[in-house]
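give me coordinates for this.
(chains A, B, C and D)
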There are 2 protein chains.
Amino acid sequence: MLGLNDHRLQVLLGKREAPPYQGRWALPGGVLRIDLDETLDDGARRVMRERLALELPFMRQLVSVGGKYRDQDRSPWALSVVYRALVWQADVKPLAGKRLSDLAWRDVEDAATDVKLAFDHRELVALAVEKTRQEVAEMELPVGFLPKAFTLGELQSICERILGRALDKSSFRRKLSDRGLVQPIEGEMRGGANRPAQLFELCHRVPPAGQSRADTGTKPV
Amino acid sequence: MLGLNDHRLQVLLGKREAPPYQGRWALPGGVLRIDLDETLDDGARRVMRERLALELPFMRQLVSVGGKYRDQDRSPWALSVVYRALVWQADVKPLAGKRLSDLAWRDVEDAATDVKLAFDHRELVALAVEKTRQEVAEMELPVGFLPKAFTLGELQSICERILGRALDKSSFRRKLSDRGLVQPIEGEMRGGANRPAQLFELCHRVPPAGQSRADTGTKPV
DNA sequence: TCAAAAGTGTTAGGCATACACCCATGT
DNA sequence: ACATGGGTGTATGCCTAACACTTTTGA
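Model (predicted):
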């Protein structure tokens, strides 16, 4: 669970109440319920719903890890399917139920280098951050993470916070329009203390029949 | 299991003897043995070893799929962790044991569009091919798939067969040397019916401390 | 009038494609 | 001699980072 606030990208960690790794920070998770979950994705959504009372549209399976010694105090073999979610921290009121004594947002840079996390969760955090940044760098916009309407400045700021670095305004906007990812709405707004900004929304249509950008790996010879 | 022959990239399919999907072609698989497999990767290796009597160095987990109705004739819930392997067809003598009545190599283009494959295996084939091609296009060389020594012509031919399209010789070689992926060996060879070719091997060292190519997503501002 | 953010245009350089060209060997 | 594949150089064009510039509002 990666969360964005006004400043930076963070990851939600919980402190484990019981062994293994008692007292260590870990990624929150849950167990699959074959009576409730029709698919893996369903299970991931259910766990998030139970924990956060929130419907998460932008979840993505990252990897599965499993092994004999993964959780040997409780089971002879354990398999975890790792999902990533993206949320606004402001939208979320996570509650430390279950087996966690505490919950906290932690900077991703921190967590990805903290060798004291439980299990292999440090690597998992690093993987999630890397994948997410790669997606944003390639302009796969974090759908479901965006409001219905946003200004280009806001969008850029979101991407910058996820990437952890500044972007060039002009290049950013050209890329957006070249690939036809967003379109203006007719109600402009956002006039805080300066020039008002045009509002945009996502284009969910297929790239409009033309050519522009296929990118299915089919490069010319 | 993707296999390369002198001409093209193919995928190994088996014909199912029993329901579900009796008589349909499917990707060969096996069940995890928590008494034998210490990790998921171990399990994947063991299944391949049992089926092909071959140690496969270049396996990669692609995705996990699971659901209530995935294999409902045999189990109320089924989870599959999908791996991809790359092999030389010539090195492999697969035998149709277990629950398969037949085995065959099939062109990947074919299989990835054949709606009659069992389960969701058409999508899985398409995914495996896409990922593999993307790796090759980005010059993540198929390690373990290459002989210890090879000529640049051979390497290019391998990549071309995987990608299913021709590559430019000059660009291909420049990319290799720019990124320091291969290095020449001092014993040259391969003089069939024309000029002999220098033999190369992979560089497994980290990019030699300099800068050249970091590519951890850290682009300049 | 000034600050601050929106919005647009231009330039320079890196990278990859495409192509042209020589080299060495067996037939 | 010539066909075949090895090996190398070069130019064109695209994409993008970098930056300069104008516009519009509130204070």
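
buried sites along the lengthiest strand in chain A?
The longest strand of chain A (DSSP state E) is strand A:78-88. Residues of strand A:78-88 classed as buried: A:78-87 (neighbour count, 16 or more other C-beta atoms under 10 Å in any protein chain shown). Every residue, glycine included, has its C-beta placed from N, CA and C.

and stretch A:149-164, by the same measure?
In stretch A:149-164, counting by 16+ other C-beta under 10 Å, buried: A:149-152, A:154-156, A:158-159, A:161-163.

is the longest strand of chain A in proximity to chain B?
Yes. Contact of strand A:78-88 with chain B (C-beta under 8 Å from any C-beta of the partner chain) involves A:79, A:81.

partner strands of the next helix or strand after that strand, parallel or antiparallel?
Going down the chain from strand A:78-88, the next helix or strand is strand A:100-107, by DSSP states H and E. Using DSSP bridges, the strands paired with strand A:100-107 are strand A:9-16 (antiparallel).

got the angle for the strand it pairs with vs strand A:78-88?
130 degrees (axes from the mean of the first three to the mean of the last three C-alpha atoms, to 10 degrees).

strand A:9-16 - what's its average pLDDT?
When pLDDT is averaged along strand A:9-16, the result is 94.

the following helix or strand past it - contacts with which helices or strands?
Scanning forward in sequence from strand A:9-16 by DSSP H and E, the next helix or strand is strand A:25-26. Applying 3 or more C-beta pairs under 8 Å, 6 or more residues apart in numbering or on different chains; DSSP states H and E, we find strand A:25-26 packed against strand A:9-16, strand A:100-107.

again, only this time at 7 Å
For strand A:25-26, the elements it packs on are strand A:9-16, judged by 3 or more C-beta pairs under 7 Å, 6 or more residues apart in numbering or on different chains; DSSP states H and E.

dig out what the residue nearest the centre of chain A forms beta bridges with.
Residue closest to the average C-alpha location in chain A (C-alpha atoms, centre = their mean): A:Leu86, at 2.8 Å. Beta-bridge partners for A:Leu86, by DSSP bridges, are A:Leu2.

shaky segments in chain A?
Where chain A drops to pLDDT under 70, the residues are A:96-98, A:144, A:205-221.

the biggest helix by length in chain A and DNA strand D, are they touching?
If you go by DSSP state H, chain A has its longest helix at helix A:121-137. No. Using C-beta under 7 Å from any atom of the strand, helix A:121-137 stays clear of DNA strand D, coming no nearer than 8.3 Å.

ok, then the element right after that helix?
strand A:150-151.

contacts for that following strand next, please.
A:190, A:197-200 (C-beta atoms under 7 Å, 6 or more residues apart in numbering or on different chains).

that one pairs with which strands?
Strand A:150-151 is paired, per DSSP bridges, with strand A:199-202 (antiparallel).

for the strand it pairs with, C-alpha coordinates in PDB please.
What follows is strand A:199-202, C-alpha atoms only, in PDB (Å, rounded to 0.1, in the frame of the first residue of the first chain):
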ATOM      1  CA  LEU A 199      -9.200  21.300 -16.000                       C
ATOM      2  CA  PHE A 200      -8.500  18.000 -17.700                       C
ATOM      3  CA  GLU A 201      -9.800  14.400 -17.600                       C
ATOM      4  CA  LEU A 202      -8.400  11.100 -18.700                       C
END
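
list the buried residues in that strand.
So for strand A:199-202, counting by 16+ other C-beta under 10 Å, buried means A:199-200, A:202.

same check, this time on stretch A:103-115
Those buried within stretch A:103-115 under the rule 16+ other C-beta under 10 Å are A:103, A:105-106, A:108-109, A:111-112.

quick one: end-to-end length of that stretch, please.
18 Å (C-alpha to C-alpha, to the nearest Å).

cool, stretch A:15-26 as well?
6 Å.

which residues sit against the longest strand of chain A?
Residues contacting strand A:78-88 (C-beta under 7 Å, 6+ apart): A:1-4, A:29, A:40, A:44, A:48, A:56, A:58-66, A:70-71, A:124, A:128, A:132, A:142, A:145, B:64.

what about that strand, distance to the chain center?
9 Å (C-alpha atoms, centre = their mean, to the nearest Å).

also stretch A:61-75?
That offset, for stretch A:61-75, works out to 22 Å (C-alpha atoms, centre = their mean).

so which of the buried residues of stretch A:149-164 are also by DNA strand C?
Answer for the buried residues of stretch A:149-164 near DNA strand C (C-beta under 7 Å from any atom of the strand): A:151-152, A:154.

of those residues, closest to B:Pro19?
Nearest to B:Pro19 among these is A:Glu154, at 53.6 Å by C-beta to C-beta.

so the closest one is in which element?
Going by DSSP H and E, A:Glu154 is part of helix A:152-163.

how much space between the residue nearest to the centre of chain A and DNA strand D?
22 Å (C-beta to the nearest atom of the strand, to the nearest Å).

quick one on the thing from earlier: let's see the helix holding A:Glu154 as PDB, backbone CA atoms only.
Output of helix A:152-163 as PDB, limited to C-alpha atoms (Å, rounded to 0.1, in the frame of the first residue of the first chain):
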ATOM      1  CA  LEU A 152      -1.900  19.700 -15.600                       C
ATOM      2  CA  GLY A 153       0.000  21.200 -12.800                       C
ATOM      3  CA  GLU A 154      -1.600  18.900 -10.300                       C
ATOM      4  CA  LEU A 155      -1.000  15.900 -12.500                       C
ATOM      5  CA  GLN A 156       2.600  16.800 -12.800                       C
ATOM      6  CA  SER A 157       3.000  17.300  -9.100                       C
ATOM      7  CA  ILE A 158       1.600  13.900  -8.500                       C
ATOM      8  CA  CYS A 159       4.000  12.300 -10.900                       C
ATOM      9  CA  GLU A 160       6.900  14.200  -9.300                       C
ATOM     10  CA  ARG A 161       6.000  13.100  -5.900                       C
ATOM     11  CA  ILE A 162       5.800   9.500  -7.000                       C
ATOM     12  CA  LEU A 163       9.100   9.700  -8.900                       C
END
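
thank you, goodbye.
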